[in-house]
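> Mind looking at a prediction? Sequence and model below.
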Amino acid sequence: MAKAFEQPIYVTRPLLPNIEAVTERMKKVWDSKQLTNFGAQHNELSDRLKDYLDVDHISMFSNGTMALLLGLRALELTGEVITTPFTFPATVQALDWNNLTPVFCDIDPVTFNIDADKIEALITEKTSAILGVHVFGNPCDVEKIQKIADKHNLKVIYDGAHVFGAKVNGIPISHFGDMTMFSFHATKLFNTVEGGALTYHDAALDKRLQLLRNFGIVNTEEVALSGLNAKMNEIQASVGLEVLKVLEEERNKRHTIKRAYEENLAAIEGIRVLTTLEDESSSYQYFVIDIDQEKFGQSRDVVYEELQKHNVFARKYFSPLCSDFEWYSGLASAQPVNLPIAHKAVQQVLAMPYYGELPIESVVQICAILQELHVTQESLFQL
Ligand SMILES: *Cc1c(COP(=O)(O)O)cnc(C)c1O
């Protein structure tokens, strides 16, 4: 019998930088007496991220949700936006807060991202954009989506909360689409405690996003538009600058953990690893499995509960589906009959514990629990 863990194992732990280094930086902030409003730490982090993500334009925000909300606003979208039901609530709530109507498109059975082959059928004269999510770090079909967008004159926005630092065929992921949002929440690989950013190609957006995240204030005399407060402060930026220093080491550790999971899960029928990308293609953000109840012999929910009994706290990302939110019940595209793959996927996925400090022995033990839960055809005959 695989034994239970003495201490709880959570799905993730925040990547914490060296506390002395953070304190040194805090002293600089204290000396400057500037705690927010685009100070030295903010500007340094902005420059560093521009290099790291290999982009021309970046704007940083108080969190990823505000980044997306104001990014959509800056693009002056109207009417309907085609998106995925299989995402974190923030993706669609950013549409709601812009008075944009989500049009839910079913997902691809392999990547669990928006199914590019099903987008065109959903386009109407009201459609202004496609909002894709690179779910669990697997990139959307960026080429196909761009072709559709070009043909119908639509904007393309990506929720890239899971793909910090990832590449597609060697190309940084934020080169695709008009705009990409990143989240720097404590649970994300790169964090600023809370925080977020937008990357984009259009230089004119720099100015508009600057206004949108700071009350529309141009100078002491002029307020140009109705903005909000969504600035990243100096404390957040300071933490981020120190997290950047430990990022490569964390990616390497997660690479090793991922390999250990893959080796120990390979022989278990009915478990498919969703996050397969390696090295520069990977964000090393999540390690997610897809449990096929028929082949595995147990449902995802049973696995989830059994892991909990062993003190392992996996997560059912993303359950419930966004299309099942009560306020979308009147939308035709939100009806389950139109989203069969998403409804299947949401019953099967499980995000496993995944962070650099997770010992390899723990990974082996978690996989042993899964192996024990697996009900083979032979054992069924024996019953
Ligand atoms: C984390 C996350 C967000 C929200 O980002 P915050 O920085 O927490 O506001 C949005 N979309 C996805 C897919 C996420 O995982």
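Received, thanks. Numbering: from 1, shown residues only.
> ranges for the helices of the stretch 151-300 of the chain?
In the stretch 151-300 of the chain, helices defined by DSSP state H, counting those that start in this stretch lie at 204-212, 234-265, 293-296, 300-309, listed in chain order.
> Which of those sits closest to His42?
Proximity to His42 (CB to CB) singles out helix 234-265 among those, at 4.5 Å. For the C-beta atoms, the positions are set from N, CA and C on the backbone; glycine is no exception.
> Wondering if the closest one reaches the ligand at all.
No: taking CB under 6 Å from any ligand atom as the criterion, helix 234-265 and the ligand are apart, separated by no less than 11.0 Å.
> Looking at the stretch 51-200 of the chain, which residue is nearest the ligand?
Scanning the stretch 51-200 of the chain for proximity to the ligand using CB to the nearest ligand atom identifies Gly64 as nearest, at 2.9 Å.
> What is the neighbour count of that residue?
Neighbour count of Gly64, defined by other CB atoms under 10 Å: 26.
> if I read this right, it contacts Phe182, doesn't it?
Yes: with the criterion set as CB atoms under 8 Å, Gly64 and Phe182 qualify as a contacting pair; they are 6.5 Å apart.
> Contact residues of the protein facing the ligand?
Residues of the chain lying close to the ligand (CB under 6 Å from any ligand atom) are 63-65, 87-88, 90-91, 133, 159, 161-162, 183, 185, 196.
> residues touching the nearest residue to Gln371 once chain neighbours are set aside, list them.
The spatially closest residue to Gln371, leaving aside those adjacent along the chain, is Ile268, at 5.7 Å (CB to CB, 6 or more residues apart in numbering). For Ile268, the contact set (CB atoms under 8 Å, 6 or more residues apart in numbering) comprises 296, 367, 370-371, 374.
> With secondary structure as new columns, can the residues you listed be given to me in JSON lines?
Formatted as JSON lines, the entries for the contacts of Ile268 read as follows, by DSSP: H, G, I helix; E, B strand; the rest coil:
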{"residue": "Phe296", "secondary structure": "helix"}
{"residue": "Cys367", "secondary structure": "helix"}
{"residue": "Leu370", "secondary structure": "helix"}
{"residue": "Gln371", "secondary structure": "helix"}
{"residue": "His374", "secondary structure": "coil"}
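> Among these, which pair sits farthest apart?
Of all pairs drawn from the contacts of Ile268, the one with the longest distance (CB to CB) is Phe296 and Cys367, at 13.3 Å.
> now the protein, which segments are flagged as low pLDDT?
By pLDDT under 70, the weakly predicted segments of the chain are 377-383.
> make it 90
Low-confidence segments of the chain (pLDDT under 90): 1-3, 375-383.
> what ranges do the strands span in it?
If DSSP state E is used as the criterion, the strands of the chain fall at 57-61, 80-83, 101-104, 127-133, 155-159, 167-168, 171-172, 179-183, 196-200, 217-219, 222-223, 271-273, 287-291, 349-352.
> From the contact counts, what lies against the second one?
It stands for strand 80-83. The criterion is 3 or more CB pairs under 8 Å, 6 or more residues apart in numbering; DSSP states H and E, and the helices and strands that strand 80-83 contacts are helix 89-96, strand 101-104, strand 127-133.
> Nearest to Leu274 among the ones you listed would be which one?
Evaluated over the helices and strands packed on strand 80-83, closeness to Leu274 peaks at strand 127-133, with 13.7 Å, by CB to CB.
> what does that closest one contact?
Outside strand 127-133, the residues touching it (CB under 8 Å, 6+ apart) are 72, 75, 77-84, 86-88, 91, 95, 100, 102-103, 113-114, 119, 140, 145, 148-149, 152, 154-159, 161-162, 177.
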